[in-house]
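Engineer: attaching a predicted model along with its sequence, questions to come.
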Amino acid sequence: MSSVPLAAYLTLALILFCIGLFGALTKRNAVIVLISIELMLNAVNINLVAFAKYSINPGLTGQIFSLFTITVAAAEAAVGLAILIALYRNRQTVNVDEMDTMKR
Amino acid sequence: MMEELLYAQPGWTHVAIFFALGAALLVTVLGFVTYAILAERKVLGFMQMRTGPNRVGGRFGLLQTVADVFKLLIKEDTIPKLADRPLFILAPVIAFAPAFMVLATIPFSENMQFADLGVGLLYYVAVSGISTIGILMGGWASNNKYSLLGGMRAAAQMISYEIPLVISVIGVILFAGSLNLNDIVRGQENIAYIFLTPIGFFVFLISSIAELNRTPFDLPEAESELVAGYHVEYSGFRWAFFMLTEYVYLFAMASLTTVLFLGGWNPIPFLDFIPGMLWFGVKFSIVVFFMIWIRGTLPRLRADQLMSFAWKVLLPLALLNIFVSAAVKELFL
Amino acid sequence: MDLDTLLSFRWSVMLPEFIILGVATLLSVIDLFMKKESSRKPLAWLAGAGILAALISIFTQLDIEVTSILYDTYRLDSFSKAFKILLLLGTLLVIVLSSNYKKEDLEENRGEFYYLLLAALLGAMMMASSADLITLFVGLELLSLSSYVMAGLERRNKRSNESAFKYIVSGGIATAITLFGMSYIFGLTGETNLFKIAENMGNLELLEHSFLIVFAFIITFAGLTFKIAAAPLHMWAPDVYEGAPVPVTAFLSVVSKTAGFVILLRVIIICFIAAPGIDSDPILLQVQPYVMVLAAATMIIGNVTALRQRDIKRMFAYSSIAQAGYILVPFVSNSSLIFELIWFYLLAYLFMNIGAFTVIQLLSSQEGSNDIGVFRGLFRRSPWLAVPMTFFILSLAGIPITAGFIGKFGIFMGALGLEQPQYWLAAVMMATTLISYVYYFNIIAIMFFRDSEGTKVSIPGGMAAVLAFCAASVLILGVMPDLALDFFYGNFDVNEFFMQIETEVHTHDH
Amino acid sequence: MDFYHLYQNNYLIVAVFLFLGVLLPVVALTAGRLLRPYKPSAEKYTTYESGIEPFHQSWVQYNVRYYLFALMFVIFDVETVFLYPWAVAYEELGVFALIEMGIFVVLLTLGLVYAWKKKVLKWT
Amino acid sequence: MNTWLLSILILSPLLGVLVLLFTPSQDEKSIKWIGILGTLFPLGTALVTLSAFNKSGEGLQLAEKFQWVSYEVFQSNGDVSYPIFYEVGVNGLSMVLILLTTVVSVLAAIASFSIKKDWKSYFILFFLLEMGMIGVFAAQNLFLFFIFFEITLIPMFFLIGRWGYLEKEKAAYSFLIYNGVGSAILLIAFVAMFMKTGTMNFEQLAYTFSLPQSELNDMHITKNFKMGMLIALLLAFAVKLPVAPLHSWMVRVHVQAPPPIVMLHSGILLKIGAYGLIVFGAGLFPDQFESLAFIIGLFGVINLLYGAFLALTQRDMKRVLAYSSVSHMGIVLIGLAALNEAGMTGAVFQVVSHGLISALLFFLVGVLYERAGSSLLKDFGGVAKRMPIFAGVLLAGGLASLGLPGMSGFISEFMAFLGLFETMPVLAAVGTLGLILTAVYVLRAVLAITFGTEKELTNAHDLSSTERIPAFILLAAILFIGLYPAWLSDMLRPTLDSILLGLGG
């Protein structure tokens, strides 16, 4: 069990990021959209931690950065859910497709 | 031998050895659970001035639980037609696996520990949180109003009490300067942290009881209100696993309390000829007994009291505890 | 980092931030313990006073040389001072707008609005004043999160909810994209301090990973364009602007956008100025076509789509997308005038857009509609509203003797001033400006050429003051732009932007 | 390098425990399948609702207050992300970090008070 | 050095604005009188300026210069400052045009008695328009020129859109968009020149561009750049002039705008295009201009013929006049393309003369429209009987327009063609066809109105005394220039010489 190369982490993060992006853009349930965004942010965390350990210029700040990312992701999720609750109270739906009061 | 093993390149031999040791622990834990249930019933019986189980397996009903287990094993297993089958089957597993996983990092004595993780405490907190998902999943997958409500309540309660629980241990971390449970125990060679951070201990103890869904915080399973809460549709061995989870957590939580606040394997001064393992066992048993005692004494809380207690009393106390602990550290250590 | 080191920092340079933070906290406490029925109007005064105090303290800081504390996570340089003035000024005007914004839905959350606004402002100010990726990011998120909530502050209004939700979803995606890019920047250099990143970017070892640098640049840049509502991440703007309360829309279109440009300049320019692209050419030159296409697309999309809008807020959303495209032009052209051009344009933009939103707020709250028809016959009904609005619109369209023209002129100077002038970019900008004439002058036509039986619009004192101030500023800056430019050149030295400060590191024996 | 192995081994143990934790239910349930009877009837498979025929779908949208508690949880749980490292490194950080943490916690408490005042913490 | 005279002249219309701001908006009579008096003040100032102007003096006179806007550019080769100045001044050409502007403005203000609503805002915009027009001719700097150029745009937009006829908004928009395109191109060209040379002053620019190519290379100015700039400028002013394919907006404006505004537009605003062509096209890039001369001439002839043909087929007097303007602007191009003294003089004369003639004719059509509510040719006939003075003036104007000797139109057309025959005889020969056509359409239109069977007119009284003033003054001016062209040519000579010098003629 030798150490895993950096590229593997990056690829994992990239795949995760793309899944998240795909989900955020295509899913119709608002909660799933929010979760997809979390997925993208977690991809970032993987990147940061992997870079902090294995990059050309390793540095501990990557882990600190990821701490902040986690916090912000949590805050974002909290605000997102709060807004979704308010929306649900008014519209009785969490379906993104039905949010079309404002047309172009 | 263990030292060498741990410092060697990991391989399949390691897996095998670890597996054997883990299985041994698993058996021990199952044994504990078997007799903890019996003990609980006995103690409760004693408190309520009755005998408790005494028919099966001799005078003390020693095989009562074993018989119960066998009964469960040969009971017909029903999964409601309307249930979400995959989730229904998955739920007990997800609830149980973390309960056992957290045991990996608990130091039972000086050299009786499985995984000496640098972030042991964090590991415990993080992994134990996963069980909530199992419970929630079980409640949801049953497609039953009672179980859904029970599952939601359980989840709400568990996350509410998780906060004070997690924050109350910060005092301990402050004193030990480490998240490693071994370091924490070693930090208590002179004085157990229960004396340094009593508020923390108080908060931790109460929150842990709530986390375990035990009386007086057993609303999710409130028989009189919600039938049996989130596992109302479960039967046979699937149900048994939810019970098992609870008691394994009891085991784990009692161990953690011992490690964090009661000094783990450290002996009381002048009594260090008694082996650490035994000290641990004694302290551990006291905690378990205390929890059963509480169950026998206190009535169940109301739902609103339950939640506000966590947020309005325990959380502020836990936050206060951080600074009290810091002050204690600055002033006395 | 011990006590001595921390005490050795000049904390006084953070005074504006401290004031805002203090006032925001105070406001939240007061609001919490105030009786539910009592009026929240005094809170607006308090918030305004706080911002004013912060503004004054920045002016007292003008002659302080570059200072950096907390290892460059906070730095006071000309760049930050110049842009913080814009941010504070914009928010101050928005406060006046909001204190006159009367809507049932907002009343119960009025107290929250003020301190959320201040929190957002604080985030924006941190973005202007930091040279560390982490702090910049936290500032960005403080701004964003407060904005998300503000957009949805009318809790019972479906549109407001919806706009907030759309905002947070698109904002979340943009944050993730930005962070993904930043993680690569960090990964390539191992640093989060911008200047150290710049240093390490020049490292020869990185040459073999130059495609990664380009990748990092593109991702980061794309993510950061969200805040300024530039293509490709502009889609949120129309919906959010339309649904949010008018003062919030004004805030988003002015202050938040300014902050977006601030972080864009900070991160992109400092980090990548020395970075090699593929084949070791400077990356900023290599990605120029890409950024140029973005700027052009932003201008085109914004202006063309604005043509079809009937909802006035939506139209201004597209207009502000287009304006973002204009401001990107000096950025694209790597002009040495970049800072003063962007600064001046944003200053002009602040006055004209907030002025326009003042009028929109007055009209839409009186008529209960956001349709463009509310402007019908405005000149007959309330000439004192129609005439300033005309100035704002002329300025937005870039007609001479308004600040907007000088801004656009400057941008042209930037675009055409290089050894290789960006003719086609200037042409796109000019062509789209022409397109913008159609919808801008449509408003004017409706105000002046159509008659209606509508009633006179009553203008509260505060709003009148904002209108007068904005209109006067638009005109004065249009006739005497040197007032602003001399102020800029006299007080700010753009070279400070690139100045890395060596902080003394105290080493102690343990 | 040895420490690296130690590190790997410790997590290997965790993995083994995970495996065991999953294995036990699987084995037990498989064993149970061989032992237990199987006599299906329609009643057995209906959802339990205190003896009444179950009516409409029970996957209802649950009360919003659960979400509110979830939000509170998220916020305070993440707070610990900062508290833990701070507590671990307290010795090196010293008094100033304590003050900083004080500010941090006070602001969070303010959030708690806010939620309290806004009756978020009220169940029912 | 600074005499302030020109600045006062430029700002003089604002005095009227100031007074109007304090006049109650319902007081129609005083507003109209303030309007007229307000235009007299610039006229007076212009006359004072004229008297201070040395007619035979060369170069710029009465110049003023202040630093206005300054950008500091840091470049690799050291700091370069890009200052923008406020620079005004007059030469013979601009002096004449300023004079023309102030005169036509007064007359248009008098003609504005026919305006029916919102007099106050009408006159405010009118004054702003006048300020813009004076400023355009007085500016000696690209930046300033552009600003005044745009200032004329906005009041025009309002004036057309609010006080025009049925399709006024459409006309206002097409005015705005077409001219917007022109000014957009102009701005790009101006800024590009500024950034290359670091100056915006006309003379300095002309000097810089006349430097030998080797020195220009150091400033990254290539031949292609100069050519590109010239084409851009030509294009921009072609819209304004307008040149044939780009003329539709102008016809629409002339049909829809209120008569006094059309007087100003066709009298002055179109001339800005011609002025621009002369000053920037021929003045800054003479070499490139020469190489494009044939194309310019070609467009001139096309304009002349095309405008004349269309004027022939129109049934609306306004459209006839509008197309005649297109046609006459062709003569300006023809004169410019000739590249010699005769042509150039012809072009400039045409600018002035057409300003007067078209102002007169549009004024008369306005009068007609006021009487009959129509300007269609078929609605009129035998007007001469009931309105003899009107018919007389109309006929005189028409004759001036077709270039009858003794009137101003003759001199300009003659000179322009004389010039072109020297350099491009074939083109000139084709062009003369236009002159014949001009005579045909002018006479057809004018005669159809004045003579023939009398049609019923509801309100057929002759020119009133207020209407006679502008009509007679304009007619007098047309005759004066036609009979005594030396007055004009003396003033223009130094300017034309300097341009011709650049052209190598």
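Structural biologist: Perfect, I can see it now. Since we're looking at a predicted model, the values are computed, not measured. Numbers count the residues shown, from 1 in each chain, chains lettered A, B, ... in the order given.

Engineer: now do the helices in the stretch 251-400 of chain C.
Structural biologist: For the stretch 251-400 of chain C, the helices defined by DSSP state H, counting those that start in this stretch cover C:257-264, C:271-272, C:283-286, C:288-306, C:312-332, C:338-367, C:378-381, C:383-397.

Engineer: whoops, I mixed them up, chain D
Structural biologist: Ranges of helices in chain D, per DSSP state H, are D:2-35, D:64-88, D:90-117.

Engineer: deepest in the core, which of those helices is it.
Structural biologist: Scoring the helices of chain D by mean neighbour count under mean count of other Cβ atoms under 10 Å in any protein chain shown gives helix D:64-88 as the most buried, with a mean of 19. For glycine as for every other residue, the C-beta is placed from the backbone atoms N, C-alpha and C.

Engineer: which strands and helices sit next to that helix?
Structural biologist: Packing partners of helix D:64-88 (3 or more Cβ pairs under 8 Å, 6 or more residues apart in numbering or on different chains; DSSP states H and E): helix A:61-91, helix B:145-168, helix B:170-176, helix B:315-332, helix D:90-117.

Engineer: nearest to chain D within chain A, name that residue for me.
Structural biologist: Closest approach between chain A and chain D, counting by Cβ to the nearest Cβ: residue A:74, at 4.1 Å.

Engineer: measure that residue to residue D:80 for me?
Structural biologist: 11 Å (Cβ to Cβ, to the nearest Å).

Engineer: dump stretch A:45-55 to CSV, restricted to CA.
Structural biologist: The C-alpha trace of stretch A:45-55 is given here as CSV (Å, rounded to 0.1, in the frame of the first residue of the first chain):
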residue,chain,number,x,y,z
ASN,A,45,-11.9,20.4,0.3
ILE,A,46,-10.4,17.3,-1.1
ASN,A,47,-8.3,19.3,-3.4
LEU,A,48,-7.1,21.6,-0.7
VAL,A,49,-6.1,18.9,1.7
ALA,A,50,-4.5,16.9,-1.0
PHE,A,51,-2.5,19.9,-2.2
ALA,A,52,-1.6,20.7,1.4
LYS,A,53,0.1,17.4,1.6
TYR,A,54,1.4,16.4,-1.8
SER,A,55,1.8,19.4,-4.0
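
Engineer: tell me, how many residues neighbour the spatially closest residue to residue B:257 that is not a sequence neighbour?
Structural biologist: With Cβ to Cβ, 6 or more residues apart in numbering or on different chains as the criterion, residue B:257 has its nearest non-adjacent residue at 5.0 Å, and that residue is residue B:287. Using other Cβ atoms under 10 Å in any protein chain shown, residue B:287 is surrounded by 19 other residues.

Engineer: hang on, residue B:287 packs against residue B:256?
Structural biologist: No. Contact criterion Cβ atoms under 8 Å: residue B:287 and residue B:256 do not qualify, at 9.3 Å.

Engineer: picking that back up, contact partners for the residue nearest to residue B:257?
Structural biologist: Contact analysis of residue B:287 by Cβ atoms under 8 Å, 6 or more residues apart in numbering or on different chains lists B:254, B:257-258, B:262.

Engineer: what do you get for residue C:337?
Structural biologist: Shown in contact with residue C:337 (Cβ under 8 Å, 6+ apart): C:330, C:410, C:413-414, C:417, E:71, E:73.

Engineer: make TSV out of those residues and add distance to chain B.
Structural biologist: Output for the contacts of residue C:337, formatted as TSV (distance: Cβ to the nearest Cβ, whole Å):
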residue	distance to chain B
C:330	49
C:410	53
C:413	57
C:414	52
C:417	56
E:71	56
E:73	56
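
Engineer: check which helix or strand residue E:86 maps to.
Structural biologist: Element membership for residue E:86, per DSSP states H and E: strand E:78-90.

Engineer: now that strand: buried residues?
Structural biologist: Using 16 or more other Cβ atoms under 10 Å in any protein chain shown as the test for burial, strand E:78-90 gives E:82, E:84-90.

Engineer: ok, back up a step: any chance of the helices of chain D in CSV with mean pLDDT as columns?
Structural biologist: Output for these, formatted as CSV (pLDDT from 0 to 100):
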stretch, mean pLDDT
helix D:2-35, 85
helix D:64-88, 85
helix D:90-117, 86
